[in-house]
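can't give you the sequence, but here's the structure:
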């Protein structure tokens with residue numbers, strides 16, 4: 001995956017993949033381009049170029065500092081995914097995956113189809129990929145990096161496949177590749193004709209070892225990647241019980257071991273599942289979601305016990321298990337010097353966050369869809385420029401990306417909503433308070449397309465002492481009835497600023513928000 005480092009960084013930063021992007025790394029007291037995407041390459045940006053020179057070539061270039069940890073995290077994630085192709089997958093940093101597909105081709109109707117599905121699967125996740133299958137790891141690596149892709153090298157055709165490729169595709173050190181280039185050895189075919197003793201004397205044993213690995217003369221084994229198992233804790237009672245005190249005591253022990261695993265692995269959870277096993281009945285699974293990652297046993301206990309209180313157990317419990325499907329890396333924060341010691345577990349930054357705890361309790365008691373937060377949406381019509389999303393975005397409640405949730409009819413009429421409308425292209429300000437629906441008011445303007453001079457609000461006639469506008473907002477035909485409005489930011493004689501608009505079709509005036 002030649003662009004994996006920059007694709008992983010771009011996805012994490014939320015940058016569009018079609019814009020010119022470069023990864024930058026500090027080298028010799030100078031910021032240099034480590035790699036760039038195709039859009040930047042087409043405009044003349046090259047790896048190794050100083051950042052100042054790259055910006056001179058392409059002023060709109062977006063530069064991102066290189067983050068090896070992010071690259072390795074993305075590679076490990078793809079290695080875990082690649083287990084669907086082979087049980088033996090080894091990450092080869094910074095941008096390669098090695099798979100032993102011996103015997104797997106029967107499950108995919110041939111090696112060519114297996115390779116095609118692998119490349120298409122990576123592409124579906126946003127990563128451009130090249131691939132090859134050959135008798136040896138070295139030959140497959142060489143063909144994937146320097147040959148035609150995708151390519152399946154027939155058995156016994158390794159030498160013919162790698163002979164026209166450059167020596168660097170054998171994974172030899174960069175300095176040795178430059179040495180071979182300097183003496184005119186530009187293909188592996190020419191390298192194979194040099195006596196082995198001369199190669200060892202001039203370049204060392206490393207080059208010979210890579211040649212032998214590619215030809216299958218020296219074995220090369222893969223170390224299978226094993227993603228860390230999700231935290232889980234289990235407990236079994238001496239006998240089935242329906243005593244709530246015993247179940248709570250078992251939960252405390254489960255949480256202690258569960259949170260100990262989270263601390264040891266530097267992880268937090270946004271979802272916890274508590275499975276209780278019964279004799280003669282199906283297991284009961286209680287699920288809680290969280291608005292932010294946590295590893296606080298006290299916070300998890302309060303949510304789980306609240307869920308248990310409203311759940312009917314079909315039979316006595318003989319065993320319990322605590323597990324999760326939503327674990328993530330934990331970002332430690334520095335605590336205050338005189339913080340009180342946590343009663344349950346350790347590292348509980350949420351214990352002091354009363355708002356997050358309250359949101360979690362409400363969402364788990366009332367339902368995830370009942371506790372929501374506003375989120376900006378790109379829409380020209382202000383009342384549709386936001387949506388409500390659950391504060392707990394677990395796998396079950398997370399909305400599809402780009403789905404818009406409009407305000408329900410009859411709700412929040414005239415109530416203050418967070419201003420979700422982004423500023424216009426001209427940089428016009430938006431009110432701090434946006435009404436769910438525009439409120440019609442009597443108003444008067446001196447000229448047909450001019451600003452209002454007075455309007456009635458709250459039973460009073462207010463004079464306009466200053467007005468900025470108009471800002472024209474229109475919607476497309478696909479919305480149904482067309483919206484054509486001229487907006488004004490008007491300051492009344494009382495000093496209060498309002499956001500008014502004239503409906504261009506009817507000439508009526510409306511107040512849509514206020515700036516206080």
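Cool, got the structure. Since we're looking at a predicted model, the values are computed, not measured. Numbers count the residues shown, from 1 in each chain.

I'd like the distance between residue 197 and residue 95.
For residue 197, the distance to residue 95 (CB to CB, to the nearest Å) stands at 35 Å. Every C-beta, even on glycine, is put in place using the N, C-alpha and C of the backbone.

Of the two, which one has the most company?
residue 95 (22 against 9; other CB atoms under 10 Å).

could you list every residue that touches that one?
Residue 95 makes contact with 1-5, 71, 75 under the criterion CB atoms under 8 Å, 6 or more residues apart in numbering.

And for residue 496?
Counting by CB under 8 Å, 6+ apart, residue 496 has contacts 462, 514-516.

check contacts around residue 25.
So residue 25 contacts 31-32, 34, 65-66 (CB under 8 Å, 6+ apart).

So residue 283 is in contact with residue 275, correct?
Yes. Contact status for residue 283 versus residue 275: in contact at 5.2 Å, counting by CB atoms under 8 Å.

Tell me which of these two has more neighbours.
Shown here are residue 283 and residue 275; by other CB under 10 Å, residue 275 has more neighbours (16 against 13).

How is that one classified with respect to secondary structure?
When classified by DSSP: H, G, I helix; E, B strand; the rest coil, residue 275 comes out as strand.

how near is it to residue 79?
Counting by CB to CB - residue 275 and residue 79 are separated by 29 Å.

Just give me the closest of the contacts of residue 95 to residue 179.
Lowest distance from residue 179 to the contacts of residue 95 (CB to CB) belongs to residue 2, with 24.3 Å.

any idea how this protein splits into domains?
4-66, 72-119+135-142+152-215, 232-352, 416-514 (automatic domain parsing).

now the first one: mean pLDDT?
Computed over domain 4-66, the mean pLDDT rounds to 88.

Most neighbours among the contacts of residue 496, please name it.
Ranked by neighbours (other CB under 10 Å), the contacts of residue 496 are led by residue 462, which has 20 neighbours.

Need the residues that contact the helix or strand that that residue is a member of.
Taking DSSP states H and E as the criterion, residue 462 maps to strand 460-474. Counting by CB under 8 Å, 6+ apart, strand 460-474 makes contact with 380-382, 424, 426, 428, 449, 451-456, 482-494, 496, 501-502, all of which sit outside it.

how about the helices in the stretch 151-300 of the chain?
Taking DSSP state H, counting those that start in this stretch, the helices of the stretch 151-300 of the chain run over residues 158-162, 174-182, 188-192, 196-203, 205-215, 244-264, 297-309.

Mean pLDDT and distance to residue 117 added to the ones you listed, as TSV?
As requested, the helices of the stretch 151-300 of the chain are arranged in TSV below (pLDDT from 0 to 100; distance: least, CB to CB, whole Å):
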stretch	mean pLDDT	distance to residue 117
helix 158-162	94	22
helix 174-182	91	33
helix 188-192	93	29
helix 196-203	89	39
helix 205-215	93	25
helix 244-264	91	35
helix 297-309	88	40
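
Please produce JSON lines containing the ones you listed, extended by distance to residue 9.
Supplementary listing: the helices of the stretch 151-300 of the chain in JSON lines, determined by distance: least, CB to CB, whole Å:
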{"stretch": "helix 158-162", "distance to residue 9": "32"}
{"stretch": "helix 174-182", "distance to residue 9": "23"}
{"stretch": "helix 188-192", "distance to residue 9": "33"}
{"stretch": "helix 196-203", "distance to residue 9": "35"}
{"stretch": "helix 205-215", "distance to residue 9": "30"}
{"stretch": "helix 244-264", "distance to residue 9": "27"}
{"stretch": "helix 297-309", "distance to residue 9": "33"}
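
Show me the shaky parts of the stretch 401-516 of the chain.
Residues of the stretch 401-516 of the chain meeting the criterion pLDDT under 70: 401-428, 476-481.

Filter the contacts of residue 496 down to the ones in strands?
Of the positions in the contacts of residue 496, 462, 514 sit in strands, assigned by DSSP state E.

Tabulate the contacts of residue 496 (CSV), appending distance to residue 184.
Conversion of those to CSV gives the following (distance: CB to CB, whole Å):
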residue, distance to residue 184
462, 87
514, 78
515, 74
516, 78
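
so which of the contacts of residue 496 comes closest to residue 294?
residue 516 (37.0 Å).

Is that closest one in contact with residue 432, as I believe?
Yes. Between residue 516 and residue 432 there is a contact under CB under 8 Å: 6.7 Å.

tell me the contacts of the residue of the chain positioned farthest from its centre?
Computed with CA atoms, centre = their mean, the residue of the chain farthest from its C-alpha average is residue 446, at 53.0 Å. For residue 446, the contacting residues are residue 453, by CB under 8 Å, 6+ apart.

which phi and psi does residue 500 have?
Per-residue torsions, residue 500: phi -110, psi 160 (degrees, to the nearest 10).

separation between it and residue 381?
From residue 500 to residue 381 the distance is 16 Å (CB to CB).

Which of the two has more residues huddled nearby?
Set residue 500 next to residue 381 and count neighbours by other CB under 10 Å: residue 500 wins out with 28 against 13.

sorry, back to before: tell me the neighbouring strands of the helix or strand that the strand holding residue 462 is followed by, and mark each as parallel or antiparallel.
Once the chain leaves strand 460-474, the next helix or strand it forms, by DSSP H and E, is strand 484-492. When pairing is defined by DSSP bridges, strand 484-492 lines up against strand 460-474 (antiparallel), strand 497-503 (antiparallel).

Return the most buried member of those strands.
Comparing those by mean neighbour count (mean count of other CB atoms under 10 Å), strand 497-503 ranks first with a mean of 23.

and residue 27, bridged to which residues?
Bridge pairing for residue 27 - DSSP bridges - gives residue 30.

Please report the distance of it from residue 66.
Following CB to CB, the distance that separates residue 27 from residue 66 is 10 Å.

out of the two, which sits in the busier spot?
Neighbour count, other CB under 10 Å: between residue 27 and residue 66, residue 66 has more, with 18 against 11.

The more buried one and residue 158, how far apart?
From residue 66 to residue 158 the distance is 35 Å (CB to CB).

now do residue 296
Counting by CB to CB, the separation of residue 296 from residue 158 is 56 Å.

what do you get for residue 261?
From residue 261 over to residue 158 (counting by CB to CB), the distance is 46 Å.

quick one: which of these two has more around it?
When neighbours are counted by other CB under 10 Å, residue 261 and residue 158 differ, and residue 158 comes out ahead with 21 against 16.

Find the residue closest to that one in space, skipping its chain neighbours.
residue 139 (4.6 Å; CB to CB, 6 or more residues apart in numbering).
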